[in-house]
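Student: give me a model of this one.
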Amino acid sequence: MEIRGKVDPGFGPVADAFRRNFDEFDEVGAGFCLYADGRAVVNITGGVVDRSTGAPYDGSTLQLIFSTTKGAAALCAAMLHEDGRLDYDATMASYWPEFGAAGKADIPVAWVMSHKSGLASVDNPPSLEDVLAITPIVEALAAQKPLWEPGTAHGYHALTYGWLVGELVRRISGKRIGEFLAERIARPLGLDFWIGLPESEESRVAPLLSAPAPADPTEIELMLSVMGPGTMGGRAISLDGVFGLTPDGNVFNSREVHASEIPAANGITNAWSLARMYAASIGEVDGVRLINDDTRELTTTPVTTGPDKSLVIETKFGMGFMLADGILPFTGPRAFGHAGAGGSIGFADPELGIGYGYVMNQMSGSLVGDPRTMGLTAAVLECMG
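Tutor: As a prediction, this is how the structure comes out:
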């Protein structure tokens, strides 16, 4: 299996771990990139976009990254904070008056960013077509009564987080979050990264391959207890059933979903862009830095404790960023970023000075850690000493 791209001297173990994913863990097509001290030291791809065609998964391939998108949305908000235009302690309703309905007038931005607002789903959600039009789901969230008392607990807002943060960005900047991402992050850094993919780029997207169903009855039971019908996790990840499998397969492979803005789940990019974006959040990359150290410290300070009402396990969040929690394949205790369903992940580690990006088309169904990213992270730590 050919590995394409560059591997700097001293980083051979990372390439070995990447190859091992194909040999041992049924990788189909994937990309991995590591930035260290502002430059790419590993930038590799391998495998195929589609087994039926054998088209190579290479540097031009794009991939939908599910919740790894949330890290980019969190950066957009952080940049507005650094601009002096967004106060995390201010109420959401001060920026978005309609949000104050149904007892939500006093919810601060910080609770929305850290999944404490009680809006993990909506009752009687709009149809998929209306959700993809964006305005109907934004209006539904503004009208929704919280599903638990805001601020008393956190529960992963798997889909709704993105529309909440996206509308906040729009109200403050006058731009949809996809436009803001393009202007403030993607273009200055030269990234291939979209929330709302132009049709001109659609042919570059590798279709997602669904994870195989678990064979272990215990694992099936655990999965149903966390994400089955009626659970908060199930409501959150499907928007009460709006996003589910269709007769044609995964709805997230459709052009309609790619074209919409789902800032929690439909970012489309590659590993190089993820790693470069995160590298620019902790230092300069070709003269571009996205946020300063003070903003980074503020937005990556843990603000959640206890079990997650959606994911059941304990999760750790700052202002939109996932933080090192002993489960995520991060490289150290100060790392921050976001993982996505199926295995993709992007993060920065200010102690090591790295930006890390991994994307793939074969989704994993593991609930306890993806061996592909665990192996890559172990190799990165070995190479970084």
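
Student: what comes into contact with the lowest-mean-pLDDT helix or strand in the chain?
Tutor: Ranking every helix and strand in the chain by mean pLDDT, DSSP states H and E puts helix 217-227 at the bottom, with a mean of 73. Under the criterion Cβ atoms under 8 Å, 6 or more residues apart in numbering, residues 213-214, 231, 233-234, 237, 311-312, 367 lie in contact with helix 217-227. For every residue, glycine as well, the C-beta is placed using N, CA and C.

Student: what's in contact with the next helix-or-strand element following that helix?
Tutor: For helix 217-227, the following helix or strand on the C-terminal side (DSSP states H and E) is helix 232-238. Outside helix 232-238, the residues that touch it by Cβ under 8 Å, 6+ apart are 120-121, 147, 155-160, 226-228, 243-244, 309-312, 341.

Student: what's the answer for stretch 132-152, then?
Tutor: Against stretch 132-152 from outside (Cβ under 8 Å, 6+ apart): 96, 98-99, 101-104, 107, 111, 116-126, 130-131, 155, 160, 163-164, 166-167, 176, 232, 235, 239, 256-257, 259-261, 309.

Student: so what's the backbone phi/psi at Phe347?
Tutor: In terms of degrees, to the nearest 10, the main-chain angles of Phe347 are phi -160, psi 170.

Student: what's the answer for Pro188, then?
Tutor: Dihedral angles (degrees, to the nearest 10) for Pro188: phi -60, psi -30.

Student: number of nearby residues for the closest residue to it other than its chain neighbours?
Tutor: The shortest distance from Pro188 to any non-neighbouring residue, by Cβ to Cβ, 6 or more residues apart in numbering, is to Val288 (4.9 Å). Applying other Cβ atoms under 10 Å, we find 17 residues neighbouring Val288.

Student: what bridges to Val288?
Tutor: For Val288, the beta-bridge partners are Val285 (DSSP bridges).

Student: right, and it touches Ala280 too?
Tutor: Yes. In this structure, Val288 is within contact of Ala280 by Cβ atoms under 8 Å, at 5.3 Å.

Student: common neighbours of the two, please.
Tutor: Common neighbours of Val288 and Ala280 (criterion: Cβ under 8 Å, 6+ apart): Leu189.

Student: mind listing the strands for the stretch 51-200 of the chain?
Tutor: 63-64, 194-195 (DSSP state E, counting those that start in this stretch).

Student: could you check which helix or strand contains the residue lying closest to Ala279 once chain neighbours are set aside?
Tutor: Spatial nearest neighbour of Ala279, chain neighbours left out: Gly355 (3.1 Å); criterion: Cβ to Cβ, 6+ apart. Remark: Gly355 resides in strand 354-360, with elements defined by DSSP H and E.

Student: alpha carbons of that strand, as CSV, please.
Tutor: Once non-C-alpha atoms are left out, strand 354-360 reads as follows in CSV (Å, rounded to 0.1, in the frame of the first residue of the first chain):
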residue,chain,number,x,y,z
ILE,A,354,2.1,20.7,17.7
GLY,A,355,-1.0,20.7,15.5
TYR,A,356,-2.5,17.3,14.7
GLY,A,357,-5.0,16.2,12.1
TYR,A,358,-6.4,12.8,11.1
VAL,A,359,-9.3,12.1,8.7
MET,A,360,-10.6,8.9,7.2
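
Student: residues contacting the closest residue to Ser127 other than its chain neighbours?
Tutor: Leaving aside its sequence neighbours, Ser127 sits nearest to Val242 (Cβ to Cβ, 6+ apart; 7.3 Å). By Cβ under 8 Å, 6+ apart, Val242 lies in contact with 125-128, 131.

Student: any idea how far Val242 lies from Ala211?
Tutor: From Val242 across to Ala211, the span is 20 Å (Cβ to Cβ, to the nearest Å).

Student: same question, Pro371
Tutor: Where Ala211 is concerned, Pro371 sits at a distance of 13 Å (Cβ to Cβ).

Student: same question, Asp58
Tutor: 24 Å.

Student: Ala120 contacts Lys309, correct?
Tutor: Yes. Judged on Cβ under 8 Å, Ala120 makes contact with Lys309 at a distance of 7.3 Å.

Student: neighbour count: these two, which is higher?
Tutor: Ala120 (27 against 22).

Student: excluding residues flanking it in the chain, which one is nearest that one?
Tutor: Ala120's closest residue in space is Ala236 (Cβ to Cβ, 6+ apart), at 4.2 Å.

Student: which parts of the stretch 51-200 of the chain are helices?
Tutor: Along the stretch 51-200 of the chain, counting by DSSP state H, counting those that start in this stretch, helices occupy 69-82, 92-95, 109-113, 128-132, 135-143, 160-173, 177-181, 187-189.

Student: where does the residue nearest to Ser127 land in three-state SS?
Tutor: When classified by DSSP: H, G, I helix; E, B strand; the rest coil, Val242 comes out as coil.

Student: for Ala279, give me its contacts.
Tutor: 35, 38, 285, 348, 354-355.

Student: tell me where the stretch 201-350 of the chain has helices.
Tutor: Under DSSP H, counting those that start in this stretch, the stretch 201-350 of the chain gives helices at 217-227, 232-238, 255-259, 271-279, 293-299.

Student: in a strand, Thr45, correct?
Tutor: Yes. Assessed with three-state DSSP, Thr45 lies in a strand.
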